[in-house]
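S.K.: pasting the structure only:
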């Protein structure tokens with residue numbers, strides 16, 4: 001009988017401790033997000049009519065400093081990210097225009113959407129060292145012709 005009472009008391013203490021630890025964990029989670037910002041959430045933009053008319057969709061990407069993973073992020077969430085943990089890059093993604101370059105008498109008159117987007121990916125790589133070619137393999141993503 002004494003063992004039963006002892007076990008019961010121990011169980012009550014464990015349950016109390018567990019509840020207390022859960023509260024601490026949730027409080028810790030709240031406090032760390034205040035100090036260190038939030039982790040970025042993957043995002044897929046939906047171009048507007050105005051963006052199609054202008055031909056450009058500005059896209060934002062986050063790369064955690066100590067990891068290789070790169071994700072596209074919502075521009076409205078940039079302020080909440082810890083710039084000490086994440087490198088943020090943007091590029092002007094061409095979404096309307098010529099699918100193929102226009103050549104007249106052997107001279108390129110207008111470059112294609114895919115050429116412009118490849119040049120933007122290369123610019124970001126040169127300026128920041130972040131290679132977006134792995135996440136932006138479809139160079140005519142969101143493209144619509146004239």
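M.R.: Done, it's in. Because the structure is predicted, anything quoted here is derived from the model rather than measured.

S.K.: For this structure, which segments count as helices?
M.R.: With DSSP state H, the ranges of helices along the chain come out as 2-36, 49-54, 113-128.

S.K.: Flag every buried residue along the second one.
M.R.: Translated: helix 49-54. residue 51 (16 or more other Cβ atoms under 10 Å). Just so you know, the C-beta spots here come from the backbone N, C-alpha and C atoms, and that holds for glycine as well.

S.K.: So which elements touch it?
M.R.: Applying 3 or more Cβ pairs under 8 Å, 6 or more residues apart in numbering; DSSP states H and E, one finds that helix 49-54 contacts no other helix or strand.

S.K.: what do you get for the last one?
M.R.: Under the contact criterion of 3+ Cβ pairs under 8 Å, 6+ apart, the helices and strands touching helix 113-128 comprise strand 86-94.

S.K.: Please work out which residues outside the strand it packs on touch it.
M.R.: Contacts to strand 86-94, defined as Cβ atoms under 8 Å, 6 or more residues apart in numbering, come from residues 40, 55-65, 73, 75, 78, 81, 113, 116-117, 120-121, 123-124, 128, 130, 132, 136, 141-143.

S.K.: What angle do helix 113-128 and that strand make with each other?
M.R.: Here strand 86-94 points in a direction 150 degrees away from that of helix 113-128 (axes from the mean of the first three to the mean of the last three Cα atoms, to 10 degrees).
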